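A.B. asks: my questions concern the predicted model and sequence given below.
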Amino acid sequence: MVLGGPTLHVRGEVASTEDLVIECTIESASAVWCEGCAVTVGENATIKGDIVARDITALGAVSGTLLATEVVEIRKSANVSGRVVAQQFILEDGATFNGRVEPQHLQTALTVAKHRRAERDAAPAAAAEPRPAAPRPGPTIVTPGERAPNYPQS
């Protein structure tokens, strides 16, 4: 599936269950979630946020964590800054990469990403559930000779 065009600007997460070619701008903490699929960031695309996929190929600008269960490839036209977590990392001659590569953290990073996504997905459902109203205090009955509670003594 191709997502985009030069005038498309997405603010929020893009999730797909099939291979994805991105040709637009996406801004979000968790920008692209395409677990088990391939993501290609086009030459004119800009991604500000994390990408989770099986394979990630960057030809455009990416700022964030690139988390791939198999391979991250940064081509010579790409400008990538952030963290790469993958079994395999390919940096083409002439590509711009400013960050760190952490293949040893793949399983941990994937577990954390799945947990954060599950929490984020559960949050709107929890917010939509009606909450019981707090009990309202009833009137205070004071008999002659008594003072009302929390009322200053004279």
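C.D. replies: Sure thing, it's come through. Residues are numbered from 1 along each chain as shown.
A.B. asks: make it CA atoms for all contacts and neighbour counts henceforth
C.D. replies: Fine.
A.B. asks: what sits against Glu70?
C.D. replies: Glu70 makes contact with Arg54, Asp55, Ala86, Gln87, Gln88, according to C-alpha atoms under 8 Å, 6 or more residues apart in numbering.
A.B. asks: just Thr96 next, same as before
C.D. replies: Counting by C-alpha under 8 Å, 6+ apart, Thr96 touches Lys76, Ser77, Ala78, Asn79, Val80.
A.B. asks: next one: stretch 46-58 to chain centre, how far?
C.D. replies: Computed by C-alpha atoms, centre = their mean, to the nearest Å, the separation of stretch 46-58 from the middle of its chain amounts to 11 Å.
A.B. asks: looking at the contacts of Thr96, which is nearest Ala68?
C.D. replies: Val80 (14.7 Å; C-alpha to C-alpha).
A.B. asks: give me the residue at the spatial middle of this structure.
C.D. replies: For the chain, the residue whose C-alpha lies nearest the mean C-alpha position (C-alpha atoms, centre = their mean) is Ser30; its distance is 1.7 Å.
A.B. asks: start to end distance for stretch 2-22?
C.D. replies: With C-alpha to C-alpha, to the nearest Å as the measure, stretch 2-22 spans 6 Å from end to end.
A.B. asks: follow-up on the earlier one: burial of the residue nearest to the residue nearest to the centre of the chain when sequence neighbours are not counted, as a residue count?
C.D. replies: With C-alpha to C-alpha, 6 or more residues apart in numbering as the measure, Asp50 is the residue that lies nearest to Ser30, at 4.8 Å, once sequence neighbours are left out. For Asp50, the number of neighbouring residues by other C-alpha atoms under 10 Å comes to 23.
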